[in-house]
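K.L.:
turn this into a structure:
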Amino acid sequence: MIPKVYREVIDLGDGREISIETGKLAKQAHGSVVVQMGKAMLLCTVVSSYKAGTVDFLPLTVDYREKFAAAGRYPGGFFKREARPSNDEILTMRLVDRVLRPLFPKDYHAETQVMIQLMSNDDAVMPDALAGLAASAAIQLSDFPFECPISEVRVARIDGEFVINPNRAQLETADMDMMIGASADSVMMVEGEMDECSEEDMAAAIKFAHQAIKAQCAAQVRLAEAFGKKEVREYDAEASDEALAEKIHSAVYQKIYDVAKKGTSKAERTEAFSEIKEELKSTFSEEEIEEYGDLIGKYFNKAQKEAIRDLTLNEGLRLDGRKTTEIRPIWCEVDYLPSTHGSSIFTRGETQALATVTLGTSREANQIDSPSYQGEETFYLHYNFPPFCTGEARPLRGTSRREIGHGNLAQRALKGMIPSDCPYTVRIVSEVLESNGSSSMATVCAGTMALMDAGVQMKKPVSGIAMGLISDEKSGKFAVLSDILGDEDHLGDMDFKVTGTKDGITACQMDIKIKGLSYDVLEAALAQARDGRMHILGKLTDTIEAPATDVKAHAPKMITKTIPNDMIGAFIGPGGKHIQELQKETGTTIVINEDPVTEEGIVEILGTDPKGIEEVIARIESMLFKPEVGSVYEVKVIKILDFGPVVEYVEAPGNEVLVHISELAWERTNAVTDVVNMGDVFDVKYFGKDPRTKKDKVSRKALLPKPEGYVERPKRDNSRGRDNRGRDNRRDDRRKRD
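P.N.:
Residues are numbered from 1 along each chain as shown. Reported below is the predicted structural model:
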């Protein structure tokens, strides 16, 4: 039986379309769609358990995978099967998760899985921009309790114009690249990188993207109505007891408010809040504690959140005693680690990052091999968040999705300030040693200083700040918080990270937890963030004003030279013999890449000893040496032959030429050693290729004065005896007479 297919089309307005289709594939899933743009096709399926789990949160899993078969390719490596997700796949999962998660009910605890797969690739379509649309469309066809449809789009500014979902080639010329997630009513997620754009331009890009998202949300509604929107399932909601909630609120609200108002450290606050909680529990009997279960802790946390938020809205004070616009105390240091190529410490309040920089050749570039993109990164950043940085002990399970996401944000913040002519592959590693609010922004600041300490000639230093928001819908009050604490991130309505130079924004990441955030509030947060960034930037430049003029003495120096492609083989030698010997002799690392555009070989020479680098350069210049006709060169005798000495150009060692015995002196020379000996240095004149021997011709005597009375021997007349090939012409003449 042929299945009935339901389809909706979204017109992007420039000849491109996005289609959403259901009814053909994966019908046993609770919801499934195929989203197509060009030849790119994403299959998204959603399933959620009908029984609540034992955890007190939503166990939501968003999985995004790109199948190599989608691009007609095999997976790389020994095992020809897709394995763990790539960094780009994980970043796409995070983008989708951050928009979906807040729209499920807070008391919905059923295991939920969203699986998105790239089944067909199109080089002109970036599939990550379609993943959010696919996830939401599939959920709209299910019976999940989900607030409203959402979508995500990529917006880029190309030649001053905003473009929705551009291709990768267009992004090469864009000065803004942002992913926006939103419902029809509210922007919920922003992430991207910019080329020092203004706050006004960023807000304009968000508004432009939101218009496209509204059309995609409307298409999902139409598709669900045509398919037959299912009734929302019933689920076991969390137990509640309003009387208990009121009792706990009355008992602890003011106590928490008073502790929060003192402006203490994280450890002191935590201890004080724990004492209040234990005091509360002591007012209940063992039977009551067993009866109420987790409700006591739940309502205590609710009262704590309300007290802390009210303190900020009513008095403009925060947990650590700061005002809303204040930045925590900052101290910085560079060149802390003696053996690294560059290092720095950035400490802001109770958040600390130690960054290191390592310089290498193109051989150390980060290779990216996925079905939708193949390339390499010559600048990349790795972010580590060990458990001790928050005073915890927990198992180490490899690099987390959070670490990948935070590292990517910091990398995007800094990469635009790495000069295009930087010869090195640059790796930054950020070790978060303490964390209480925005370790990713601390990573940006530490990374900037470490780059400058390493001698990387950054265009401009970059700083970053995390902003928060506390608002009250009833009263209309709101407070934008600069440099938020970890608790303020958890208790607030917005987490907004923004990085930039003195001239504009380079990257941002925003998650909004409330509906209907106005653009006025967003613009106020952006303006306040700029003031904070400038303050932090001043602290960085006070510590290190400009990049070091050169790399450290123990760091490798990088020099690049170009050679013709046809000389690469000779330089490398058979089986790499010549280049390996040269690296061993000079203590350098030599990497050769072919440039298909210029048809030249790019030779990278990396070493800590300048003499070794100079020797390699001398070898290359020697190989490239081409004498000019009529020029005079200094040579050294390296071999004596009967018919002349073999000499080497002093300025180009390794380039040899024969000086014929007849070109040594004007007088007749019976033996070469009568004129020159081994090791002698003298000048010769270059005459180009000898037309008879096809070899280079040089002369010593051409630079000497002719002896007095010198008479040149007359040239032999070949016309009477021999032709120019030495044959006897008289024999031919006799034959003609006969």
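K.L.:
so which helix or strand of this protein has the lowest pLDDT on average?
P.N.:
Within the chain, no helix or strand scores below helix 729-737, which has a mean of 51 by mean pLDDT, DSSP states H and E.
K.L.:
can you give me the strands in the stretch 101-250 of the chain?
P.N.:
110-120, 150-158, 161-164, 176-183, 187-197 (DSSP state E, counting those that start in this stretch).
K.L.:
which neighbours does the fourth one have in its sheet, and in what orientation?
P.N.:
In the sheet containing strand 176-183, its partner strands are strand 150-158 (antiparallel), strand 187-197 (antiparallel), by DSSP bridges.
K.L.:
would CSV of these with mean pLDDT, mean neighbour count and distance to residue 273 be doable?
P.N.:
C-beta: built from backbone N, CA, C; applies to glycine. Shown next, in CSV, are the strands paired with strand 176-183 (pLDDT from 0 to 100; neighbours: other CB atoms under 10 Å; distance: least, CB to CB, whole Å):
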stretch, mean pLDDT, mean neighbour count, distance to residue 273
strand 150-158, 96, 25, 35
strand 187-197, 93, 22, 30
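K.L.:
residue 292: which of those is closest?
P.N.:
For the strands paired with strand 176-183, the distance to residue 292 is smallest for strand 187-197, at 34.1 Å, taking CB to CB.
K.L.:
chain center to that closest one: distance?
P.N.:
15 Å (CA atoms, centre = their mean, to the nearest Å).
K.L.:
which SS state does the nearest residue to residue 245 once chain neighbours are set aside fall under?
P.N.:
Distances taken as CB to CB, 6 or more residues apart in numbering put residue 299 closest to residue 245, at 4.6 Å, once the chain neighbours are dropped. When classified by DSSP: H, G, I helix; E, B strand; the rest coil, residue 299 comes out as helix.
K.L.:
tally of neighbours for residue 299?
P.N.:
Other residues near residue 299 number 23, with proximity taken as other CB atoms under 10 Å.
K.L.:
just the helices in the stretch 251-400 of the chain please.
P.N.:
Here the stretch 251-400 of the chain has its helices, by DSSP state H, counting those that start in this stretch, at 266-281, 286-292, 295-315.
K.L.:
can you say which of those is packed in most?
P.N.:
Comparing the helices of the stretch 251-400 of the chain by mean neighbour count (mean count of other CB atoms under 10 Å), helix 295-315 comes out on top with a mean of 19.
K.L.:
can I get it as PDB, trimmed to CA atoms?
P.N.:
Only the C-alpha atoms of helix 295-315 are listed here, as PDB (Å, rounded to 0.1, in the frame of the first residue of the first chain):
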ATOM      1  CA  LEU A 295       9.100  18.500  48.100                       C
ATOM      2  CA  ILE A 296      10.900  20.100  51.100                       C
ATOM      3  CA  GLY A 297      14.100  20.600  49.000                       C
ATOM      4  CA  LYS A 298      12.100  21.600  46.000                       C
ATOM      5  CA  TYR A 299      10.200  24.400  47.800                       C
ATOM      6  CA  PHE A 300      13.300  25.500  49.700                       C
ATOM      7  CA  ASN A 301      15.100  26.000  46.300                       C
ATOM      8  CA  LYS A 302      12.000  27.900  45.000                       C
ATOM      9  CA  ALA A 303      12.100  30.200  48.000                       C
ATOM     10  CA  GLN A 304      15.800  30.700  47.600                       C
ATOM     11  CA  LYS A 305      15.500  31.600  44.000                       C
ATOM     12  CA  GLU A 306      12.700  34.100  44.700                       C
ATOM     13  CA  ALA A 307      14.600  35.800  47.500                       C
ATOM     14  CA  ILE A 308      17.800  36.200  45.500                       C
ATOM     15  CA  ARG A 309      15.900  37.600  42.500                       C
ATOM     16  CA  ASP A 310      13.900  40.000  44.700                       C
ATOM     17  CA  LEU A 311      17.100  41.300  46.200                       C
ATOM     18  CA  THR A 312      18.400  42.300  42.800                       C
ATOM     19  CA  LEU A 313      15.200  43.800  41.500                       C
ATOM     20  CA  ASN A 314      14.400  45.700  44.700                       C
ATOM     21  CA  GLU A 315      17.800  46.900  45.900                       C
END
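K.L.:
show me what that helix is packed against.
P.N.:
Applying 3 or more CB pairs under 8 Å, 6 or more residues apart in numbering; DSSP states H and E, we find helix 295-315 packed against helix 242-261, helix 266-281, strand 463-471, strand 478-482, helix 486-491.
K.L.:
tell me which strands the third one pairs with, and in which orientation.
P.N.:
Taking DSSP bridges as the criterion, strand 463-471 pairs within the sheet with strand 478-482 (antiparallel), strand 494-501 (antiparallel).
K.L.:
next, the angle from the first one to helix 295-315.
P.N.:
Right, strand 478-482. Angle of strand 478-482 versus helix 295-315, following axes from the mean of the first three to the mean of the last three CA atoms, to 10 degrees, is 90 degrees.
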